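**Q** here is my input; please provide its structure:
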Amino acid sequence: MRKGDHLVRTILPAILLGWCSAVSPAAEVPRVLVDPAEGESAGVRQAVENAKVEVITTEAGKRQLVRASADAPQARLRWTATEPLDLSAFRFVEAVLRNPGEGRVRVQLGVRSPANNNRAVSRDFELEPGEAISLRVTLRRVVPETLKDVFFGMRGFPELIDPERGIDVSRVKEVFLNIRDAKAGLTLEVGRVAAIEDLSRPAWWDGDTARLFPMIDAFGQYAHADWPGKVHDEAELRRRIAEEQGDLAAHPGPEDWTPFGGWAAGPKLEATGHFYPKKYKGHWWLADPTGRLFWSHGTDCVRATTAATPITDREHYFAELPPRDAPLGAFYGRANWAPHGYYQGKGNYTTYCFSAANLLRKYGPDWEARFNELAHVRLRSWGLNTIGNWSDPAVYRLGKTPYVVTLGAGARWIEGSTGYWGKFPDPFDPDFDRGLKAGLAREVETSAKDPWCIGYFVDNELAWGDEWSLAVAALQSPPDQPAKIAFLADLKAKYGTIEALNGAWGTKHASWEALAAATDAPDKEKARDDLAAFYSRIAEEYFRRCREAVKAGAPNKLYLGCRFAWVNDRAIRAAAKFCDVISFNRYEIGVRDFRLPEGLDLPVMIGEFHFGALDRGLFHPGLRETADQEDRAEAYRRYVRGALQNPLIVGTHWFQFVDQATTGRGDGENYQIGFLDVCDTPYPELRAAAREIGQTMYSYRFGMGSRP
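**A** Numbering: from 1, shown residues only. Alright, predicted model coming up:
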């Protein structure tokens, strides 16, 4: 146990209904796990790490006041049951929290079971000074034995089953609350902790799958539940046209925007006819083509065909798939993209696109044109001024909303590299920029000259690894790998002889040719400086060649970088030498405190972020979970407001415009992350949050920049 940690038999929390191994199939009231008002309780121990705890009386009742110490970066409360607790009748564990101090407090609430290597479900949240919340973490479940092999091709399954992150909720052993980035004196008030919201098991839960399938209705929705906004028939779908038209008419969009979405009421800068970055009063901005300050508030994947899903081997999942020769049969397709999951390596599979089929049902034969035109009206009304990555050119080329364009580089991979989305492109390959140049050539008469185009992202979420990984990968590649040839040339220039290299690295290569043929990794500690230097050279060569290609094909457009997801400071410093704007996909709870490596001051764009919930029929909340739609909307507000406060960030792009398919795309992602559901219905809570941001974002950010 670390210094300052202590484990005490709690005299503070009470388990009103008792920690036990059995519970009735359905719960009728919250199951209180911890309550400071109730005194000592048997059957639970409270562990307090790197903090001191006392019971205080507040206006809201008794609370535990947790005061972090300076011994470690994290303080923790753990409530451990002497016997496992069955919480299978509940949807959430909820903790009542308040930040009584003057600084922000980041917390993590989690629930752990001993199954699956002691796996836990958890959720992070950041409390502002004086803020009080009831923080909920969803009790996502492991796949029951009776349903093994029933579900596949999806990241999340029905009824809170999560094959990747679920826990055995019938054997909960611990609830924990962490104070992240704790500092001495940081405080948090903790009230009741309880399991809440009844969750009745469906009839098919125990293995009667005859009642389960088909589980997806004709509209692509989960068939065995109902929720606000669900479509039940085509007449209801069509009625929503008039309902939304009324909403759009009542909310035409911010009045203080230029046609490009810049701040018409703000300062007037140089008008170049294109977008460009500008630091103004301590904050980075973009300037729009008219010379007005512009902050990019956008969404990715603005296209009609988002909810295409594989149906091969899963036809029994779906009710009423249409005949192929019927009008709705036009939405069958073929695909083979599957970098992960069930369909990986299986070749071509059949798909069906429910989002496009529903648009035909809703709008009729001209559905595509109506969707594309309506997208611009919606974005403006919702306070969004940018069409983000992965969007349909047929939408953004209408010339009504600023947009970015997606391009790719690389003709050959560094064979020794690995990554979630694949290997790293070799920038020393003479043909590295061939595809990028070809893509730009196709843009010469469109986006390259279009004032609505902000610029180009090249590639996405490359595997940058640590600051030695790409150099090691080059050495682990075949002798004809261009990056390896370049690395060996650098080493020869530095060391002269193989014996000198062997002496420095502690290796025993017989010759330079032997090193070229070898594919083993050197001792990182001994080769550290050489590996780091060549890593920088790979990164700089990558960004240099991308920039040169972009500027040759579209000299007036911004090179927006590669959308970093996994990255290190060395790669960021290389990007800073060549990118007009550095882009990051940041699936965090917030980016207010995001910083570049020391000494760098450049504009940053967030290319992706999102939040999802499990209260609207989808099976997975995405990479950042919230409790429900109101909670999701609030998470959106907090994220974007935090970005507006950050002097580096010039925009945030939400991923994505329409929900993914209920049964997943080719890699299984089936996230509830859209502004629109599969039936083209906006989520009113998220729509309201975006409008609120859009109406105020310029005065809000400008006010930040004007403060001393």
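**Q** contacts and neighbour counts: CA atoms only from here.
**A** Will do.
**Q** so for the residue nearest to residue 595 when sequence neighbours are not counted, what's the pLDDT?
**A** What sits nearest to residue 595 in space, not counting adjacent residues and going by C-alpha to C-alpha, 6 or more residues apart in numbering, is residue 648, at 7.8 Å. At residue 648, the model reports a pLDDT of 98.
**Q** ok, residue 354 next?
**A** Reported pLDDT for residue 354: 98.
**Q** surely it touches residue 221?
**A** No - taking contacts as C-alpha atoms under 8 Å, residue 354 lies outside contact range of residue 221: 9.0 Å.
**Q** neighbour-wise, which of the two wins?
**A** Taking neighbours as other C-alpha atoms under 10 Å, residue 354 and residue 221 compare with residue 354 leading, 28 against 25.
**Q** return the distance of the more buried one relative to residue 174.
**A** Residue 354 sits 41 Å away from residue 174, going by C-alpha to C-alpha, to the nearest Å.
**Q** what do you get for residue 265?
**A** Between residue 265 and residue 174 the computed distance is 54 Å (C-alpha to C-alpha).
**Q** the two: who's more crowded?
**A** Per other C-alpha under 10 Å, whichever of residue 265 and residue 174 has more neighbours is residue 174, with 22 against 14.
**Q** the more buried one bridge partners, please.
**A** residue 80, residue 112 (DSSP bridges).
**Q** any idea how far it lies from residue 71?
**A** Residue 174 is 23 Å from residue 71, by C-alpha to C-alpha.
**Q** output the below-cut-off pLDDT ranges for the stretch 51-200 of the chain.
**A** Regions of the stretch 51-200 of the chain meeting the criterion pLDDT under 70 are absent.
**Q** mind jotting down where the strands sit in it?
**A** 51-58, 61-68, 75-85, 90-98, 105-112, 120-127, 132-138, 172-180, 187-198 (DSSP state E, counting those that start in this stretch).
**Q** so the fourth one versus strand 132-138, what angle?
**A** Computed by axes from the mean of the first three to the mean of the last three C-alpha atoms, to 10 degrees, the angle separating strand 90-98 from strand 132-138 equals 150 degrees.
**Q** if you count contacts, what does strand 90-98 end up packed against?
**A** Using 3 or more C-alpha pairs under 8 Å, 6 or more residues apart in numbering; DSSP states H and E, the elements in contact with strand 90-98 are strand 132-138, strand 187-198.
**Q** and the angle for the shortest one with strand 105-112?
**A** So the one you mean is strand 132-138. 30 degrees.
**Q** tell me what strand 132-138 is packed against?
**A** Applying 3+ C-alpha pairs under 8 Å, 6+ apart, we find strand 132-138 packed against strand 90-98, strand 105-112, strand 120-127.
**Q** swap in the last one?
**A** Taking 3+ C-alpha pairs under 8 Å, 6+ apart as the contact definition, the neighbouring helices and strands of strand 187-198 are strand 31-34, strand 61-68, strand 90-98.
**Q** so which of these comes closest to residue 240?
**A** Residue 240 lies closest to strand 90-98 among the helices and strands packed on strand 187-198, at 30.9 Å (C-alpha to C-alpha).
**Q** which residues does the closest one contact?
**A** Residues from elsewhere that reach strand 90-98 (C-alpha atoms under 8 Å, 6 or more residues apart in numbering): 27, 109, 111, 127, 130-140, 188-199.
**Q** switch the cut-off to 6 Å
**A** 131-139, 189-199 (C-alpha atoms under 6 Å, 6 or more residues apart in numbering).
**Q** contacting residues around the residue nearest to residue 175 when sequence neighbours are not counted?
**A** Excluding the flanking residues, the one nearest residue 175 by C-alpha to C-alpha, 6+ apart is residue 111, at 4.5 Å. Residues near residue 111 by C-alpha under 6 Å, 6+ apart: 120-121, 174-175.
**Q** looking at those, which is nearest residue 313?
**A** Distance to residue 313 across the contacts of residue 111 (C-alpha to C-alpha) is lowest for residue 121, with 30.8 Å.
**Q** residue 404 versus that closest one, what's the distance?
**A** Separation of residue 121 from residue 404 (C-alpha to C-alpha): 36 Å.
**Q** burial of residue 196, as a residue count?
**A** 21.
**Q** just to revisit the earlier point, and the contacts of residue 111, which two are furthest apart?
**A** Using C-alpha to C-alpha, the two most remote members of these are 121 and 174, lying 10.8 Å apart.
**Q** give me the pLDDT value at the residue nearest the centre of the chain.
**A** By C-alpha atoms, centre = their mean, the mean C-alpha position of the chain lies nearest to residue 587, the distance being 3.6 Å. Residue 587 carries a pLDDT score of 98 in this model.
**Q** now residue 207
**A** Looking at residue 207, its pLDDT stands at 78.
**Q** repeat that for the one 10 residues further on.
**A** You'll see residue 217 listed with a pLDDT of 98.
**Q** return the distance of it relative to residue 444.
**A** Separation of residue 217 from residue 444 (C-alpha to C-alpha): 44 Å.
**Q** more crowded one of the two?
**A** More neighbours surround residue 217 than the other of residue 217 and residue 444, with 17 against 13 (other C-alpha under 10 Å).
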